[in-house]
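Trainee: Starting from these lines, generate the structure:
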Amino acid sequence: MSRSIVEQVSFMVAVVIAAPVALAGVDMTLRGETTWGLVLIVFAAIVLLVEKYVTTPHEVPGVAVAKAVGIVAKEPEDDGEGTDSDS
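Mentor: Alright, predicted model coming up:
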């Protein structure tokens, strides 16, 4: 599923926030501070997961329209009539 420009910008903001935190976590883990390093890595992962899976209030109308369009405009079922090439 493709993302809109707004969704792409939102994801890039989340990456910009999560990347330094994850790098600091990796650095701390490699220096021997495993507890805080892992906490920072998990925090960075949570930031990215929340951005991807949590629906915000400004996304609700788009989700509702997509569901309504999916219900109203269903794909036509192929019953095999009219496209028979073996007759």
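Trainee: so what's the residue minimising distance to the centre of the chain up against?
Mentor: Nearest to the geometric centre of the chain sits Lys52, at 3.2 Å (CA atoms, centre = their mean). Shown in contact with Lys52 (CB atoms under 8 Å, 6 or more residues apart in numbering): Phe11. Heads up, the C-betas are built off the backbone N, CA and C, glycines and all.
Trainee: That one is in what secondary structure piece?
Mentor: Here Lys52, judged by DSSP states H and E, is contained in helix 34-53.
Trainee: what's the angle from the helix or strand where Val26 lies to helix 34-53?
Mentor: If you go by DSSP H and E, Val26 is part of helix 5-30. Here the directions of helix 5-30 and helix 34-53 differ by 170 degrees (axes from the mean of the first three to the mean of the last three CA atoms, to 10 degrees).
Trainee: Check which helices and strands helix 5-30 is in contact with.
Mentor: When contacts are defined as 3 or more CB pairs under 8 Å, 6 or more residues apart in numbering; DSSP states H and E, helix 5-30 packs onto helix 34-53.
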